[in-house]
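Novice: The amino acid sequence is not available; the structure is as follows:
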């Protein structure tokens, strides 16, 4: 009947404010924790994907099917007219790199290998070294072939790299590799075959089963992100001049450094790790392992600012070394 006094009301309000302040503080702390954990989770997931992709490609560098690309019985024949040392068409070395030429002083790496999706069988022997290759056009991989694609055909004793000079569609499996036909479209524009000869006859009776596989070079570098802030890992961006969303691999890659493990004495194992600018031209074929370090960030600010973390792993080249 007497109601509440002013003092009691003020005390009740003070207690309510204290409780409300505690709830707000707990909520604010939970939000900060959530944002930090979300940023770190994104950072770690991006790092996992980037390291996984790089490791998969690096480990398969120099892959040419069953041929021992490190020490083949016969030299690998490369009939491409443009095959300057260190270029994307120099398939004599499985891996090469450049030191500190990328964004933020990052390194770049180029990996040369045949496709991992398998080869298309050669179904008839060549009559001459310049004859068409007859491939199994019922193979699902055959339908992916395009004019001016680069191919490697080989068995367990020899291999040859060339460019397709006809349209595989509707050719009945016949693949031409004529000299002097210049690519007018696609990533190999301007390329051609030097002689039209594969320097071997593939598909001959008594030889190992020959297969043809698309081959190429993938270059990884860091460029300004196309989809967000900061920098990203890109593939085949021509020193970032051709960077686009199509070749942006993963965001949040701030720096990328490589060391190359050299096996100079032929005994299985790495004697020393060198930077790209320390590796001599003849030593690229002695690289048997690559040690990479990626510095990743959270792409956007988290409480306390942009968070970064460094990741290092070493990958062995399966097609080099014992």
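Specialist: That came in fine, so what should we check first? Keep in mind that what you see is a predicted model, and the values were worked out from it rather than measured.
Novice: gap between residue 144 and residue 123?
Specialist: According to C-beta to C-beta, to the nearest Å, residue 144 and residue 123 sit 18 Å apart. For glycine as for every other residue, the C-beta is placed from the backbone atoms N, C-alpha and C.
Novice: buried set for stretch 148-161?
Specialist: 148-155, 157-161 (16 or more other C-beta atoms under 10 Å).
Novice: which pair in these spans the largest distance?
Specialist: Longest distance between any two of the buried residues of stretch 148-161 is 27.6 Å, between 148 and 157; criterion C-beta to C-beta.
Novice: what helices or strands is the lengthiest strand in the chain leaning on?
Specialist: In the chain, with assignment by DSSP state E, the single longest strand is strand 211-224. Packing partners of strand 211-224 (3 or more C-beta pairs under 8 Å, 6 or more residues apart in numbering; DSSP states H and E): helix 6-59, strand 108-114, strand 120-124, strand 150-154, strand 231-235, strand 253-262.
Novice: if you average pLDDT over that strand, what comes out?
Specialist: Per-region confidence: strand 211-224 scores 94 on mean pLDDT.
Novice: Give me the sheet partners of that strand and which way each runs.
Specialist: For strand 211-224, the paired strands and their directions (DSSP bridges) are strand 108-114 (antiparallel), strand 120-124 (antiparallel), strand 150-154 (antiparallel), strand 231-235 (antiparallel).
Novice: so which of those is the most packed in?
Specialist: Comparing these by mean neighbour count (mean count of other C-beta atoms under 10 Å), strand 150-154 ranks first with a mean of 26.
Novice: and the helix or strand just after that strand with strand 108-114, angle?
Specialist: Towards the C-terminus, the helix or strand next in line after strand 150-154, according to DSSP states H and E, is strand 159-163. Direction vectors for strand 159-163 and strand 108-114, defined by axes from the mean of the first three to the mean of the last three C-alpha atoms, to 10 degrees, enclose an angle of 110 degrees.
Novice: How far off centre is strand 159-163?
Specialist: The gap between the average C-alpha position of strand 159-163 and the chain average comes to 21 Å, counting by C-alpha atoms, centre = their mean, to the nearest Å.
Novice: Check the offset of stretch 169-178 from the chain's centre.
Specialist: Relative to where its chain is centred, stretch 169-178 has its mean C-alpha point 29 Å off (C-alpha atoms, centre = their mean).
Novice: Can you pull out the low-pLDDT segments for the stretch 201-322 of the chain?
Specialist: Judged against pLDDT under 70, the low-scoring parts of the stretch 201-322 of the chain cover residues 206-208, 321-322.
Novice: So what touches stretch 124-141?
Specialist: For stretch 124-141, contacts defined as C-beta atoms under 8 Å, 6 or more residues apart in numbering pick out 117-123, 142, 153, 168, 171-177, 195-205, 212.
Novice: Only the buried residues of that stretch, if you could.
Specialist: Judged by neighbour count using 16+ other C-beta under 10 Å, the buried positions of stretch 124-141 are 126, 130-137, 139, 141.
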